[in-house]
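**Q** Model the structure of this input:
(one chain, ligands or ions: 1)
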Amino acid sequence: MTRYEYDEEASQRFHMDVVYEIDDRPTPVARWLDAMRRLNSINDPLARRILALHRDCGSGSGACDSGLEDEPIARRVGWGCETTSVIAHHFGVDYPEAPPAPD
Ligand SMILES: [Zn+2]
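**A** The predicted model follows:
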């Protein structure tokens, strides 16, 4: 089920309603671990080196992050950055699907 979170601070800052869509389906952490496991199956040495450089992307402190704020693993819903995503796609590695929403 999709949940929405009202960002009070941002709403005040931008003088408009800022609402985030929250994917609160279960096990984002398990999905992320699975994603990392899939990336680890890539044996290409260059790809592995590039992935190592981008390992922290999406966490808030990675090479591609603007250092805005920490993003806990539980809130990540995709590859940390475009570079990681491109490599994953090239090697046919999909980010694990979220479990279907219960309804
Ligand atoms: Zn990156």
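
**Q** Quick check: what element follows the lowest-mean-pLDDT helix or strand in the chain along the chain?
**A** Taking mean pLDDT, DSSP states H and E as the measure, the helix or strand of the chain with the lowest value is strand 19-23, at a mean of 67. Once the chain leaves strand 19-23, the next helix or strand it forms, by DSSP states H and E, is helix 28-40.

**Q** Please tell me how far that following helix is from the chain's geometric centre.
**A** Helix 28-40 sits 10 Å away from the centroid of its parent chain (C-alpha atoms, centre = their mean, to the nearest Å).

**Q** Report the buried residues of it.
**A** Going by neighbour count (16 or more other C-beta atoms under 10 Å), the buried part of helix 28-40 is 28, 31, 32, 35, 38, 39. Heads up, the C-betas are built off the backbone N, CA and C, glycines and all.

**Q** right, quick check: that helix against the ion, any contact?
**A** No - figure legend: helix 28-40 not in contact with the ion (C-beta under 5 Å from the ion); closest approach 12.5 Å.

**Q** Likewise for stretch 48-60?
**A** Yes - judged by C-beta under 5 Å from the ion, stretch 48-60 and the ion are in contact via 54, 57.

**Q** and that stretch, how far out from the chain's middle?
**A** 12 Å.

**Q** Repeat that for stretch 33-43.
**A** Offset of stretch 33-43 from its chain centre (C-alpha atoms, centre = their mean): 14 Å.

**Q** go on, stretch 83-99?
**A** 11 Å.

**Q** With stretch 44-59 instead?
**A** What separates the centre of stretch 44-59 from the centre of its chain is 14 Å, taken as C-alpha atoms, centre = their mean.

**Q** Over to stretch 74-86?
**A** 4 Å.

**Q** From the buried residues of helix 28-40, pick the one nearest the ion.
**A** Among the buried residues of helix 28-40, residue 39 lies closest to the ion (C-beta to the ion), at 12.5 Å.

**Q** What separation is there between that closest one and residue 84?
**A** 8 Å (C-beta to C-beta, to the nearest Å).

**Q** anything in contact with each of those two?
**A** residue 51 (C-beta atoms under 8 Å, 6 or more residues apart in numbering).

**Q** With that, I have no additional questions.
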